[in-house]
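Visitor: predicted model follows, preceded by the sequence.
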There are 2 protein chains.
Amino acid sequence: MFAEIITVGDELLTGNTVNSNSAHIAKKLTERGYLVKRITTVGDDVEDIRSVILESLNRKPDVLIISGGLGPTHDDVTMVAVAKALGKELVLCEKCLEEIKEFYERLYREGLIDDPTLNDARKKMAYLPKGAIPLKNSVGAAPGAYIEYRGTKIFVLPGMPREMKAMLEEEVLPRIGSKKFVQKKYLAEITDESKLAPILEETIKIFDVKIHSSPKGFGKFIGIIIFAQDEDTIKKAVEFMKSKGIEFREGW
Amino acid sequence: MFAEIITVGDELLTGNTVNSNSAHIAKKLTERGYLVKRITTVGDDVEDIRSVILESLNRKPDVLIISGGLGPTHDDVTMVAVAKALGKELVLCEKCLEEIKEFYERLYREGLIDDPTLNDARKKMAYLPKGAIPLKNSVGAAPGAYIEYRGTKIFVLPGMPREMKAMLEEEVLPRIGSKKFVQKKYLAEITDESKLAPILEETIKIFDVKIHSSPKGFGKFIGIIIFAQDEDTIKKAVEFMKSKGIEFREGW
């Protein structure tokens, strides 16, 4: 099972925002057993978003998560691009409109905004690609969308981290299975990463594991992440490496 | 002028590391006047890296920066992938080998490693695609590479942030021109982003500016980034928006 992530936003391409969303999504997908093969970031441009969605769908991922660009401003164009990529029109989701209305009325009652009117910018958020299942936004205005398309489960989420995280947890994860892929972090005590290389190579040949190592400076410790189907396999791989003279500490 | 960034590393795809490198590179490129159109992250896999490089080159960016996967371990395969993508072989850079040797000897003298020997894993880092100009790594072992390919300036940099940043500053930026693109951040005082939308739309129609807005919660302030060729254009756009009733504060 493999997955891809697309994050949308000019602020990511100008370096004004560090893309912590993609790391969060990647982590959650990895924990569910998905191999995230690619993360792509494009700006708030219909054609760029459309292209990157089509390219991703061509690689036939089991899951494609798109985050960002669902808000009310002029540069929030992700749903338009999703609809274009899939050859569908945008249609009004009445239930979504009702929820958006309630959301702004609540903000108004709480004194957070000075006008609860559903203007065009706010209404825009209620339009989803035809046939999409709306995803509830429990902490914000813009609903997300879930679309099954030629074997790929596509989820379109907001870009504001708080909203994205809530929708991922409540609406996405329950729809993509429960199988877990185990990953464990270790600190290897060895004075240089390059000395570790031959031992890691031997280990991945013998055991069904994937290993990532990253130097923590050029000091005594090297960070190791071991991935496997179960903890037992990881344990065996670690025992093997210990027998080759590497000392391990769990966690970083 | 447009640019693309490719970051390489399994740790980015599992969510174990937040991709701050791409934000740093994007910011520096934006400041030099480049429009960063796409950032792609792939894992430590020769075929995946090769594919993403070829796809990027097909879009003919003026600058392509690739970061990550130059170290001595088994999963550092970026130079192999770059060579494959460009149809070049990897050849030994004698000067690089000498510098790598000196680097490990210095670490040894400083007591940071227990063996200064140039083993295969360390030697590997001295192989660059044929014709590449080596980029000096002033704070680490692995050299980078600079290759001009059919109109695209390709820079291959390490993934360790400290090394990437030093090489970007010392070896990349001086090679890609000095033209500056101005970006300024403002806080707009308005109670909801959706009310701002029509004013922003009018502004980008009249002035040669790009505007990104991002809600700071649903409170009083909305973050605005305005991009233009010069500060004067930004000032005029801001004055126009003020005349429409938006209050601004500089910075966030």
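Guide: Sure thing, it's come through.
Visitor: domains for chain A, by residue range?
Guide: A:2-175, A:182-250 (automatic domain parsing).
Visitor: winner for burial among those domains?
Guide: Burial of the domains of chain A is given as mean neighbour count (mean count of other CB atoms under 10 Å in any protein chain shown); domain A:2-175 ranks first at a mean of 20. Any C-beta I mention is one placed from the backbone N, CA and C, and that applies to glycine too.
Visitor: for chain A, what spans make up the helices?
Guide: A:10-13, A:20-31, A:46-58, A:78-86, A:94-109, A:120-124, A:161-167, A:193-206, A:231-243 (DSSP state H).
Visitor: let me know the angle separating the fifth one from helix B:193-206.
Guide: An angle of 100 degrees separates the directions of helix A:94-109 and helix B:193-206 when computed by axes from the mean of the first three to the mean of the last three CA atoms, to 10 degrees.
Visitor: pLDDT of helix A:94-109, averaged?
Guide: Helix A:94-109 comes out with an average pLDDT of 95.
Visitor: up against chain B, what does the stretch 51-200 of chain A have?
Guide: With CB under 8 Å from any CB of the partner chain as the criterion, the stretch 51-200 of chain A meets chain B at residues A:52, A:55, A:71-75, A:104, A:107, A:112-115, A:119, A:121-122, A:160, A:183, A:185, A:191-198, A:200.
Visitor: show me the one of the helices of chain A that comes nearest residue B:8.
Guide: helix A:20-31 (14.4 Å; CB to CB).
Visitor: and that closest one, is it in reach of chain B?
Guide: Yes: counting by CB under 8 Å from any CB, chain B is contacted by helix A:20-31 at A:20, A:22-30.
Visitor: put the alpha carbons of that helix into CSV.
Guide: Output of helix A:20-31 as CSV, limited to C-alpha atoms (Å, rounded to 0.1, in the frame of the first residue of the first chain):
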residue,chain,number,x,y,z
SER,A,20,4.8,20.7,9.2
ASN,A,21,1.5,19.5,7.8
SER,A,22,3.1,17.1,5.4
ALA,A,23,5.2,15.6,8.2
HIS,A,24,2.2,15.1,10.4
ILE,A,25,0.2,13.5,7.6
ALA,A,26,3.2,11.3,6.6
LYS,A,27,3.6,10.1,10.1
LYS,A,28,-0.1,9.1,10.5
LEU,A,29,-0.1,7.3,7.2
THR,A,30,3.2,5.5,8.0
GLU,A,31,1.6,4.3,11.3
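Visitor: pLDDT weak spots in the stretch 151-252 of chain A?
Guide: A:179, A:191-194, A:215-220, A:251-252 (pLDDT under 70).
Visitor: try it again at 90.
Guide: Per-residue confidence for the stretch 151-252 of chain A (pLDDT under 90) gives these ranges: A:177-198, A:210-231, A:242, A:244-252.
Visitor: before we move on, the earlier item: need the domains of chain A in TSV with distance to residue B:225, can you?
Guide: Putting the domains of chain A into TSV (distance: least, CB to CB, whole Å) gives the following:
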stretch	distance to residue B:225
domain A:2-175	6
domain A:182-250	32
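Visitor: in space, what's closest to residue A:99 - neighbours in sequence excluded?
Guide: residue A:143 (6.9 Å; CB to CB, 6 or more residues apart in numbering or on different chains).
Visitor: which residues touch that neighbour?
Guide: A:70, A:93, A:96, A:99-100, A:125-126, A:128, A:134-137 (CB atoms under 8 Å, 6 or more residues apart in numbering or on different chains).
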